[in-house]
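*Asks:* Okay, here's the prediction I keep looking at, along with the sequence it came from:
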Amino acid sequence: MVRRVLVTGGGSGIGRAVARAFAEAGCDVTICGRQPEALAETDGGRGMTCRLADVSDEAQVAALFDAPFDVVVANAGTGTAAKLSDTTLAAWNQTLSVTLTGVFLTFRAALPGMGKGGRLIAIGSTASLQGGANIAAYAAAKHGVLGLVRSVAQEVAKKGITCNAVCPGFVDTPMAERAAEGLMKRFGVGQKEAEAMLYAGNPVGRMITAEEVASAVLYLASEGAAMVNGHALAVSGGEL
Ligand code: NAD
């Protein structure tokens, strides 16, 4: 039977690569996001369903589940670098509402229609597993995602559903581009140098590709991963 897959934040970066990998594998893919043009570009004639939704909005998320999904990838997330002392309450709330509450709303709405073999997959981060300077709000949200995943995993295990997180290091996407731009301004360095600063902790010594993250997501969605539950799968070249 063709698997029905939902990917949030499907208009760019990791979400785009994940959606395309599932489409390539013959799945029936729905992507959601806030920009129709970006979603259409991800689809690029692959036959995906594009839905508009802000993952921090309870009603908009609920509306995505008018039909059930077998695999739900909570990918949408956001965050900006700032010292704790420079983190405004508005920035804190914005990061948590998308990056953590968005995953909660997505998984909660997904579960009633999800049967045996169902897969809940969150895109966490190495910041789910370790803190770092200038990322307090983001790391708090991503640690929260992992706490949510580990708890939901316990609740759904008997139903034959799994709940896991993929935790990448720096991935070559618009989010990493924005992080590099921040370093270029702060340290007066060029783009290549800024990127090298981002992946300095990665023993392989390069950015991770969105397709490499997608491979991990597809593994967790596979039948063979039925006994992998409540797991944080680092895709970090050995950084963690
Ligand atoms: P990205 O900025 O390209 O993608 C994020 C996507 O989420 C965008 O399409 C954006 O429009 C969407 N989005 C943001 N807020 C939303 C909202 N409120 N409702 C719906 N969609 C929303 O960056 P990315 O790197 O592809 O990030 C995808 C996920 O991977 C995020 O959760 C991010 O935290 C995580 N991640 C990224 C990296 C990295 O280095 N790029 C590393 C670890 C984890």
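*Replies:* Good, I have the coordinates.
*Asks:* measure Ile181 to Glu195 for me?
*Replies:* Actually, residue 181 is Glu rather than Ile. 10 Å (C-beta to C-beta, to the nearest Å). C-beta here means a position set from N, CA and C on the backbone, and glycine is covered the same way.
*Asks:* between the two, who's got more neighbours?
*Replies:* Glu195 (21 against 12; other C-beta atoms under 10 Å).
*Asks:* What's the biggest helix in this structure, counting residues?
*Replies:* Ordering each helix of the chain by length in residues (DSSP state H) puts helix 136-156 first.
*Asks:* what sits up against it?
*Replies:* Here helix 136-156 makes contact (C-beta atoms under 8 Å, 6 or more residues apart in numbering) with 74, 77, 79-82, 84, 87, 91-92, 95-96, 99-100, 103-104, 107, 111, 118, 120, 122, 124-125, 127-132, 162-165, 167, 229-232.
*Asks:* do that again at 7 Å, thanks
*Replies:* 79, 84, 87, 91-92, 95-96, 99-100, 103-104, 107, 120, 122, 124-125, 127-128, 131-132, 162-165, 229-230, 232 (C-beta atoms under 7 Å, 6 or more residues apart in numbering).
*Asks:* quick one: average confidence on that helix?
*Replies:* Mean pLDDT, helix 136-156: 98.
*Asks:* does that helix come close to the ligand?
*Replies:* No. Helix 136-156 does not reach the ligand (C-beta under 6 Å from any ligand atom); its nearest approach is 6.8 Å.
*Asks:* same deal with stretch 28-35?
*Replies:* Yes. Stretch 28-35 lies within reach of the ligand by C-beta under 6 Å from any ligand atom, at 33-34.
*Asks:* Okay, buried residues for that stretch please.
*Replies:* Neighbour counts using 16 or more other C-beta atoms under 10 Å place 28-33 of stretch 28-35 among the buried residues.
*Asks:* Can you name the next helix or strand after the longest helix of the chain?
*Replies:* strand 162-168 (DSSP states H and E).
*Asks:* Show me how the record splits the chain into domains.
*Replies:* Using automatic domain parsing, the domain parsing of the chain gives 4-169+209-228, 172-207.
*Asks:* Show me the strands in the chain, by range?
*Replies:* Using DSSP state E, the strands assigned to the chain run over residues 4-8, 28-33, 49-52, 71-74, 119-123, 162-168, 232-235.
*Asks:* Show me the one of the ones you listed that comes nearest Ser222.
*Replies:* Relative to Ser222, the nearest member of these by C-beta to C-beta is strand 119-123, separated by 8.6 Å.
*Asks:* and the closest one, average pLDDT?
*Replies:* The average pLDDT for strand 119-123 rounds to 99.
*Asks:* by how many degrees do it and strand 4-8 diverge?
*Replies:* For strand 119-123 against strand 4-8, the angle by axes from the mean of the first three to the mean of the last three C-alpha atoms, to 10 degrees is 20 degrees.
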